[in-house]
Structure formats: structure tokens, C-alpha cells
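Undergrad: Here is a sequence together with a model predicted from it:
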Amino acid sequence: MRGWWREIAGLVLPVACGGCGRPRTELCPACADALAGAAPRRVRPVPEPAGLPAVHAAAPYADAVRELLLAHKERGALPLARALGGALAGAVEAAAGPWTGSGDRPLLLVPVPSSRRSVRARGHDPTRRIALAAAARLRRAGRPARVVPVLRQRRRVADQAGLGARGRLANLSGALEVVPGGARLLTEGRVIVVDDLMTTGASLAEAARALGAVHRSFISGIPHGLPAGSAQREIEHRAAAVIASSPASFEINRNSSESWIVAGGER
């Protein structure tokens with residue numbers, strides 16, 4: 001009900017840019033450029049948690065981008081989902097690599113789940129809403145994609161706010177699982193876990209662990225000695241794409257032979 005009210009209110013109340021407050025526009029050109037004006041880049045948190053996929057982000061989590069994400073997530077600026085989804089779609093494409101045509105499998109966007117209490121408190125599920133917008137943007141560009149929300153929390157977790165990297169890892173360890181029947185859905189395309197933000201990488205690492213537990217092709221690297229060709233094509237390399245990541249993570253761009261696929265952010 002709260003989500004519907006926010007959408008209706010947005011039609012009749014004065015609007016302002018979610019990034020800078022400029023009146024009479026939901027997203028001004030300057031903030032739109034900050035969100036998606038640059039090419040997505042590979043990012044790494046420090047310290048980097050074990051099992052973290054290779055992550056691509058559209059923009060640093062600062063200034064207008066930070067305000068846009070918070071406006072959508074916490075203040076109910078639901079129309080921003082389209083622009084945020086467009087930024088996420090760009091990061092997904094960067095992580096997934098070139099599309100070779102109709103023979104490629106569809107991209108399966110798997111949102112990192114929010115807790116039920118968070119969804120109730122906010123009145124909507126921000127990550128799922130953005131994922132749907134991203135999948136729609138990818139389809140309009142000719143790349144098959146759909147949202148497959150197969151992850152769920154299997155136990156209660158503490159609020160991540162105020163926790164450091166180690167605390168977040170411990171808080172989320174073993175917290176996610178794939179819903180019954182979800183493993184079958186994961187075989188229908190190329191899996192990408194999606195979220196809005198990466199800070200420590202704990203959420204992405206846990207999502208990758210949960211998916212790998214039931215989806216055997218979703219592994220962390222090519223087994224040693226595996227011959228090139230069809231056998232390697234059956235392996236699904238993990239990667240990650242998020243809308244935003246900490247500015248410091250953009251400064252680290254180490255070479256890596258691994259390439260995974262997970263799109264997403266911190267709860």
C-alpha cells in the first residue's frame with residue numbers, strides 16, 4: 001500500500017531531483033551524467049572477501065549518486081528506478097562481456113534479497129525494482145534478460161550499518177539460500193546476481209556461495225587442465241555488476257585471470 005501511495009503522490013506533489021534537489025525534475029542532466037555518464041569499471045573492496053566475484057560498477061558511491069540511491073531506497077523516490085536500472089544494465093553488460101547474438105543464453109538477474117522487515121519498513125523492495133528496470137533496459141537493447149528472484153534469507157541477520165568488513169562477513173555467513181525449485185531455473189541462462197551497492201563485498205560473496213551450492217556450473221575459475229572448447233563453454237564464470245561502489249574501490253584495478261558474473265549491493 002505504501003508503495004502505491006508514493007507513486008500516486010509523485011504525480012501530484014512538486015518534484016525535485018533526487019541527486020541535488022533541483023526543482024521540477026526527478027533527475028537533472030548533471031546527476032544523470034554522474035550516475036551513468038562514464039563507462040562501468042572493475043572495482044575491488046579492501047580487504048577483499050574470499051569468494052567475491054569480479055565486480056563492475058557504474059559509478060562511485062558519493063555525492064549525487066549516493067543521494068539518488070538513498071532517495072530511491074529509503075525515501076520512496078520510485079520513479080528513479082528506471083535511471084538506476086539503466087546504470088545497472090550498463091554494469092551488467094560490462095561484466096557479462098560482448099553479446100555474440102541470438103545463440104547466447106539469456107541473462108538471469110538474481111537480486112540479493114532484502115529482509116522481509118526491511119521491505120515492510122520501506123514499503124517496497126528497491127533491489128528487485130531496479131533489477132526489473134535493468135532487465136527491461138537490456139531487452140530493449142536486444143539482449144535477452146529476465147529477473148529470477150531465487151535467493152532468500154534462511155536466518156535473521158543483524159543490521160549491517162556500523163559493522164566493519166569482518167563483522168559483515170560474519171553477519172552474512174551462511175545467511176542466504178536458494179528457494180526450492182530455484183536450482184532448475186538457474187540452468188535456463190547465464191546467472192547474474194544483482195544489487196545496488198557494494199561496500200565490503202560481503203553480500204555479493206554470500207550470494208555467490210549460496211548459488212554455487214546448488215548451481216554447479218557457477219564456479220570460481222576454470223579447473224586446471226580443462227581443455228578449451230565446448231567443455232569450457234559449459235562453465236559459467238562468476239562476475240559482478242553493481243550500480244555503485246566506494247570511491248576507493250575504483251582506484252584498485254589489479255589484473256585477474258578470473259571472470260565471474262554477479263550483479264548487485266549491500267543490504
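TA: Received the coordinates, thanks.
Undergrad: and residue 164, what is it in contact with?
TA: By CB atoms under 8 Å, 6 or more residues apart in numbering, the contact set of residue 164 is residue 200. Yep, even glycine has a C-beta here, placed from its N, CA and C like the rest.
Undergrad: what about it, distance to residue 240?
TA: From residue 164 across to residue 240, the span is 21 Å (CB to CB, to the nearest Å).
Undergrad: Kindly report the same for residue 53.
TA: Residue 53 is 4 Å from residue 240, by CB to CB.
Undergrad: more neighbours, those two?
TA: residue 240 (32 against 27; other CB atoms under 10 Å).
Undergrad: Count the neighbours of residue 214 for me.
TA: That count, for residue 214 with other CB under 10 Å as the rule, works out to 15.
Undergrad: Now do the SS call for the residue nearest to it when sequence neighbours are not counted.
TA: Distances taken as CB to CB, 6 or more residues apart in numbering place residue 183 nearest to residue 214, at 4.1 Å, with adjacent residues excluded. Per DSSP: H, G, I helix; E, B strand; the rest coil, the secondary structure class of residue 183 is helix.
Undergrad: quick one: contacts for residue 183?
TA: Residue 183 makes contacts with 150, 214-215, as judged by CB under 8 Å, 6+ apart.
Undergrad: Which of the helices or strands spans residue 67?
TA: Element membership for residue 67, per DSSP states H and E: helix 63-73.
Undergrad: what comes up buried for that helix?
TA: Using 16 or more other CB atoms under 10 Å as the burial criterion, the residues of helix 63-73 that qualify are 64-69, 71-73.
Undergrad: Which neighbouring elements make contact with that helix?
TA: Judged by 3 or more CB pairs under 8 Å, 6 or more residues apart in numbering; DSSP states H and E, the packing partners of helix 63-73 are helix 29-36, helix 81-96, helix 126-140, strand 190-198, strand 239-245.
Undergrad: roughly how far out does the fourth one sit from the chain middle?
TA: In terms of CA atoms, centre = their mean, to the nearest Å, the gap separating the centre of strand 190-198 from the centre of its chain is 3 Å.
Undergrad: how big is the angle separating the next helix-or-strand element following that strand from strand 239-245?
TA: For strand 190-198, the succeeding helix or strand toward the C-terminus, using DSSP H and E, is helix 202-214. Relative orientation of helix 202-214 versus strand 239-245 (axes from the mean of the first three to the mean of the last three CA atoms, to 10 degrees): 160 degrees.
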